[in-house]
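Peer 1: when you get a sec, could you give me coordinates for this:
(chains A, B, C and D)
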Number of protein chains: 2
Amino acid sequence: MEVIGGKWKSIILCHLRLKPMRTSELERAIPQISQKMLVQQLRELEAANIVDRHVYQEVPPRVDYRLTEYGHSLSGVLHDLCVWGEENIDLRREQGEEITLLHRDDL
Amino acid sequence: MEVIGGKWKSIILCHLRLKPMRTSELERAIPQISQKMLVQQLRELEAANIVDRHVYQEVPPRVDYRLTEYGHSLSGVLHDLCVWGEENIDLRREQGEEITLLHRDDL
DNA sequence: TGGTATACCCACTAAAAAGTAAGTATCAAT
DNA sequence: ATTGATACTTACTTTTTAGTGGGTATACCA
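Peer 2: Below you'll find the predicted structure:
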């Protein structure tokens, strides 16, 4: 939980699980996140060796982030959690709860 | 993540996954948690319909907590997360990191 | 020279989560 | 009347996490 906890990490990871993504792509994919939080969470995931920051030697600058091999070892858990979460949301929606979150449409 | 996030919920759930437990048992099983946090987290898990608070009509009072059926649907994910976490800890210990947490010995 | 594009970084503030220490309620047994 | 056991509450403080609004650096291109 220390590694994937917090408001944003699991969401970021769910995106990166599918393909490497650039900063700006992630920003678009997760519109609610601020630049600061995005960078900060990516740094922490990098420090935990879950994602790899890949810099292209180009101008204008280009960077993308991808799961490391170790990060991929989380993929299954993440997927299951995601599936559970979506069922969870469905259940709660059926019970009339209003849920407007970062799920489903983003993932 | 809203349901199982935070510092304590996943730990509590990992215990309850195995068997119903009383307040005092949980306190002993998770020595670092304060009474306040334990009760507070249990209340939140109850509100999310993940755990069920079972009161015995006895004196002195007796209460235990157990996963609801819905809570059990998390059991698999929780287990996988736990396994990943332990591998994670092993890896980091091999690399000389000092980790003193609530894991392994408690679970 | 100024504009564009990308990927940041920094200082500050606000909000949420967690921690601490003490108190409450019940009722039986002594 | 006091103690003991259990399961909480409450008030308060500290720490952590998240959000806001700005700024920086590089280098091409007109």
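
Peer 1: C-alpha only now, for contacts and for neighbours.
Peer 2: Fine.

Peer 1: quick one: secondary structure of residue A:53?
Peer 2: strand (DSSP: H, G, I helix; E, B strand; the rest coil).

Peer 1: tally of neighbours for it?
Peer 2: 18 (other Cα atoms under 10 Å in any protein chain shown).

Peer 1: ok, the closest residue to it other than its chain neighbours - contacts?
Peer 2: Nearest residue to residue A:53 in three dimensions, chain neighbours excluded: residue A:65, at 4.7 Å (Cα to Cα, 6 or more residues apart in numbering or on different chains). For residue A:65, the contacting residues are A:16, A:20-23, A:51-54, by Cα atoms under 8 Å, 6 or more residues apart in numbering or on different chains.

Peer 1: one more: residue A:37?
Peer 2: Here residue A:37 is in contact with residue A:8 (Cα under 8 Å, 6+ apart).

Peer 1: name the element it belongs to?
Peer 2: If you go by DSSP states H and E, residue A:37 is part of helix A:35-47.

Peer 1: buried residues in that helix?
Peer 2: A:38, A:41-43, A:45-46 (16 or more other Cα atoms under 10 Å in any protein chain shown).

Peer 1: do stretch A:80-99 as well
Peer 2: Neighbour-count burial for stretch A:80-99 [16+ other Cα under 10 Å]: A:80-82, A:85, A:88-89.

Peer 1: ok, is it in contact with chain B or not?
Peer 2: Yes. Contact between stretch A:80-99 and chain B, assessed by Cα under 8 Å from any Cα of the partner chain, occurs at A:80-81, A:84-85.

Peer 1: biggest separation within the residues you listed, which pair?
Peer 2: Across the residues of stretch A:80-99 next to chain B, no pair lies farther apart than A:80 and A:85, at 8.4 Å, counting by Cα to Cα.

Peer 1: run the chain-centre distance for the lengthiest helix in chain A.
Peer 2: When chain A is parsed with DSSP state H, its longest helix is helix A:75-94. What separates the centre of helix A:75-94 from the centre of its chain is 15 Å, taken as Cα atoms, centre = their mean, to the nearest Å.

Peer 1: how far away from the center of its chain is stretch A:2-14?
Peer 2: Centre to centre, stretch against its chain (Cα atoms, centre = their mean), the figure for stretch A:2-14 is 6 Å.

Peer 1: and that stretch, does that touch DNA strand C?
Peer 2: No. Using Cα under 7 Å from any atom of the strand, stretch A:2-14 never reaches DNA strand C; the gap is at least 8.6 Å.

Peer 1: identify all contacting residues around that stretch.
Peer 2: With Cα under 8 Å, 6+ apart, stretch A:2-14 has contacts from A:26, A:33, A:37-38, A:41-42, A:45, A:48, A:67, A:78-79, A:82, A:102, A:107, B:1, B:5-6.

Peer 1: quick revisit: can I get the contacts of residue A:65 in CSV including distance to residue B:60 and pLDDT?
Peer 2: Formatted as CSV, the contacts of residue A:65 follow (distance: Cα to Cα, whole Å; pLDDT from 0 to 100):
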residue, distance to residue B:60, pLDDT
A:16, 53, 98
A:20, 58, 97
A:21, 58, 98
A:22, 60, 97
A:23, 58, 97
A:51, 52, 98
A:52, 56, 97
A:53, 58, 97
A:54, 61, 97
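
Peer 1: fine, thanks again, bye for now.
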